[in-house]
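Engineer: model the structure of this input:
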Amino acid sequence: MKKMKALQRRTHTFTYIVKWVAIIYILTYIVCLPFRETKERADETSYKLLQAYIESGLLGTPPIRHRSCSNGDVFLLIMVPSAVSNFEQRDAIRRTWGNVSTTKPTVLLKFVLGKSKDTVHQSLAKTENSIYNDILFEEILETYENLSQKSIALLRWASTNCERVRYLLKIDDDMFLNLPRLLNELKVHPKTNSISGCKVTGASPFRFAFSKWKISRSEYKNDYYPDYIAGTAYLISGDIISNLYRATRNVPYFIFEDVYITGLCRKHIGAVALENKGFNCGYRNRGPCGNNFRYQITGHHYTPREIKRMWRELQDRWSNCRLVDHYFIYKLVDLFKYMFL
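Structural biologist: As a prediction, the model looks like this:
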């Protein structure tokens, strides 16, 4: 009898908790709904404003002094695969770590874009390039399956147009980069015959039928991938760029670009995969605060607004992180945004 009553009490408590969690969830969703709609309207408005700004030539960022690899003095070539519609991300990069016009040693920045089904965005991106001259357009449809194609394209361009470059950094457009720290490290610790970043060892293909990342035996027969460098950001030493590009002609195409370029093709040419602890490739594994990256090189998945603020904070040696940027707080905020916004 006592056990029955105890079971009833636990059931009642569980039901009570579930009921209130459901009520809180629904109420929070309702409260956030107007903000969600406002955000969607704001996105639509931002594209119209962007079009007007581009057409008038009055974008907030001054044109970057163009550099090229023609004279062979480029130390670091930064190539950023970017979706055609990611105007804000490219603007944030140009205003922050990508503003390389006065950087020493010489750094060159290039964005790599494919083809969008949205002809308005494609036209805007071409106008954007007429102002900044830092975009490479490739005849590659903007899809997840074509990411390896983009990486092949950037290797082709680098090997053809920047033959004497010392290093090539491939980095996504949602990454934060402490460029001065990377340059200082490369001067102190030069690298050759290598690709470096966040090293992944012992990873195996997903065979589960319903996984987004499912790989069948016919696509990849082995049980494990070779060591590779996570694709959010990786550094290629200049001495292997041409060989790495040529390897893409001989190594069968593979959908995951980091496994393909930094794993299969790297292994094919006998280059080394190097771990660099300064590269952070986990999803927002540090708070969006510049001070968190004072002794780091990269951070993954930050918004354009966060990147701009983080860059300002990084320039100020006396800056402190805000309370909201502490690990558990910003993780909770991120969860809230994911669920409701």
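Engineer: can I see the domain layout of the protein?
Structural biologist: The chain resolves into domains spanning 1-58, 76-198+230-279 when parsed by automatic domain parsing.
Engineer: I'd like these laid out as TSV, including distance to Tyr327, mean pLDDT and mean neighbour count.
Structural biologist: Where C-beta positions appear, they are placed from N, C-alpha and C, glycine not excepted. Converted to TSV, those look like this (distance: least, CB to CB, whole Å; pLDDT from 0 to 100; neighbours: other CB atoms under 10 Å):
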stretch	distance to Tyr327	mean pLDDT	mean neighbour count
domain 1-58	23	54	11
domain 76-198+230-279	16	96	19
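Engineer: so where do the strands sit in this protein?
Structural biologist: 76-81, 107-115, 135-141, 167-171, 176-177, 194-200, 228-237, 272-275, 279-283, 298-300 (DSSP state E).
Engineer: relative to Leu186, which of these is closest?
Structural biologist: strand 167-171 (6.3 Å; CB to CB).
Engineer: adjacent strands (with direction) for that closest one?
Structural biologist: strand 76-81 (parallel), strand 228-237 (antiparallel) (DSSP bridges).
Engineer: tell me which of these lies nearest to Asp118.
Structural biologist: Closest approach to Asp118 among these is made by strand 76-81 (17.7 Å; CB to CB).
Engineer: now the closest one, how far from the chain's geometric center?
Structural biologist: The chain centroid and the centroid of strand 76-81 are separated by 12 Å under CA atoms, centre = their mean, to the nearest Å.
Engineer: return it as PDB; C-alpha atoms alone will do.
Structural biologist: Taking Å, rounded to 0.1, in the frame of the first residue of the first chain, the C-alpha atoms of strand 76-81 are listed here in PDB:
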ATOM      1  CA  LEU A  76      49.400  34.600 -46.300                       C
ATOM      2  CA  LEU A  77      46.500  34.100 -48.600                       C
ATOM      3  CA  ILE A  78      43.200  33.900 -46.800                       C
ATOM      4  CA  MET A  79      40.400  32.300 -48.800                       C
ATOM      5  CA  VAL A  80      36.800  32.400 -47.400                       C
ATOM      6  CA  PRO A  81      34.100  30.200 -48.900                       C
END
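Engineer: hmm, back to that, same list (the strands paired with strand 167-171) but as TSV, adding distance to Arg207.
Structural biologist: Output for the strands paired with strand 167-171, formatted as TSV (distance: least, CB to CB, whole Å):
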stretch	distance to Arg207
strand 76-81	28
strand 228-237	18
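Engineer: so which of those comes closest to Lys267?
Structural biologist: Once the strands paired with strand 167-171 are compared by CB to CB, strand 228-237 is nearest, at 8.7 Å.
Engineer: the closest one to strand 194-200, inter-axis angle?
Structural biologist: Here strand 228-237 runs at an angle of 160 degrees relative to strand 194-200 (axes from the mean of the first three to the mean of the last three CA atoms, to 10 degrees).
Engineer: tell me how far the closest residue to Gln149 other than its chain neighbours lies from Ile307.
Structural biologist: Excluding its sequence neighbours, the residue lying closest to Gln149 (CB to CB, 6 or more residues apart in numbering) is Ile140, at 4.7 Å. Distance, Ile140 to Ile307, using CB to CB, to the nearest Å: 25 Å.
Engineer: same check on Ser194?
Structural biologist: From Ser194 to Ile307 the distance is 28 Å (CB to CB).
Engineer: next: Arg166.
Structural biologist: 26 Å.
Engineer: residue contacts, Glu139?
Structural biologist: The contact partners of Glu139, taken as CB atoms under 8 Å, 6 or more residues apart in numbering, are 114-115.
Engineer: need the contact list for the nearest residue to Asn276 once chain neighbours are set aside.
Structural biologist: The shortest distance from Asn276 to any non-neighbouring residue, by CB to CB, 6+ apart, is to Ser196 (4.6 Å). By CB under 8 Å, 6+ apart, the residues touching Ser196 are 229, 234-235, 273-276, 279.
Engineer: if you set the cut-off to 6 Å instead, what comes out?
Structural biologist: By CB atoms under 6 Å, 6 or more residues apart in numbering, the contact set of Ser196 is 235, 274, 276.
Engineer: quickly list what it is bridged to.
Structural biologist: Leu235, Leu274.
Engineer: look up how far Ile236 lies from it.
Structural biologist: Separation of Ser196 from Ile236 (CB to CB): 8 Å.
Engineer: do the same with Gly72
Structural biologist: Distance of Gly72 to Ile236, computed by CB to CB: 18 Å.
Engineer: just Leu177 next, same as before
Structural biologist: 15 Å.
Engineer: now the residue positioned nearest the centre of the chain: closest residue in space that isn't a chain neighbour?
Structural biologist: Nearest to the geometric centre of the chain sits Asp172, at 2.9 Å (CA atoms, centre = their mean). The shortest distance from Asp172 to any residue other than its chain neighbours is 5.2 Å, reached at Thr232 (CB to CB, 6+ apart).
Engineer: same check on Phe279?
Structural biologist: Gly197 (4.5 Å).
Engineer: same thing with Asn285?
Structural biologist: What sits nearest to Asn285 in space, not counting adjacent residues and going by CB to CB, 6+ apart, is His300, at 7.3 Å.
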